[in-house]
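Chemist: sequence-free structure coming up:
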């Protein structure tokens, strides 16, 4: 799906400096400027999720999206884990 020049200019006017597509952010992550996910299959999975019990709180659709999400979450968990001393330093001392 190509983005028209007019849409790109409008986006740039509203969000200066913001990268508007994954292809612009990192062309290596895309195939021909498009992510490999099939929108029709994604829509079908979203519709199917309505009947799931329990219904998923969040869904990551597409293998590329899952890889990116897991990588990001691993980095966040590592960052939080490194803050153990900082977190504990804000607790009330024992007995208070």
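Modeler: Done, it's in. None of these values were measured; they are calculated from a predicted model. Residues are numbered from 1 along each chain as shown.
Chemist: Spell out, range by range, the helices that occur in this protein.
Modeler: 5-14, 22-25, 39-49, 63-81, 84-88 (DSSP state H).
Chemist: The first one packs against which elements?
Modeler: Packing contacts for helix 5-14, counted by 3 or more Cβ pairs under 8 Å, 6 or more residues apart in numbering; DSSP states H and E, involve no helix or strand. C-betas here are computed from N, CA, C, even on glycine.
Chemist: so how far is it off the chain centroid?
Modeler: Relative to its chain's centre, helix 5-14 lies at 22 Å (Cα atoms, centre = their mean, to the nearest Å).
Chemist: related to what we said a few turns ago, return the most buried member of the helices of the chain.
Modeler: helix 22-25 (a mean of 15; mean count of other Cβ atoms under 10 Å).
Chemist: Now it: average pLDDT?
Modeler: For helix 22-25, mean pLDDT rounds to 52.
Chemist: Equivalent analysis for stretch 67-81, please.
Modeler: Averaged across stretch 67-81, pLDDT comes to 95.
Chemist: going forward, begin numbering at 348 instead of 1
Modeler: Noted, 348 is the first residue going forward, which turns the last one into stretch 414-428.
Chemist: closest one to residue 404 among the helices of the chain?
Modeler: For these, proximity to residue 404 was assessed by Cβ to Cβ; helix 386-396 is nearest, at 10.3 Å.
Chemist: who does the closest one touch, helix- and strand-wise?
Modeler: Short answer (3+ Cβ pairs under 8 Å, 6+ apart): helix 386-396 packs on no helix or strand.
Chemist: That helix vs helix 410-428, what angle?
Modeler: Interaxial angle of helix 386-396 relative to helix 410-428 (axes from the mean of the first three to the mean of the last three Cα atoms, to 10 degrees): 60 degrees.
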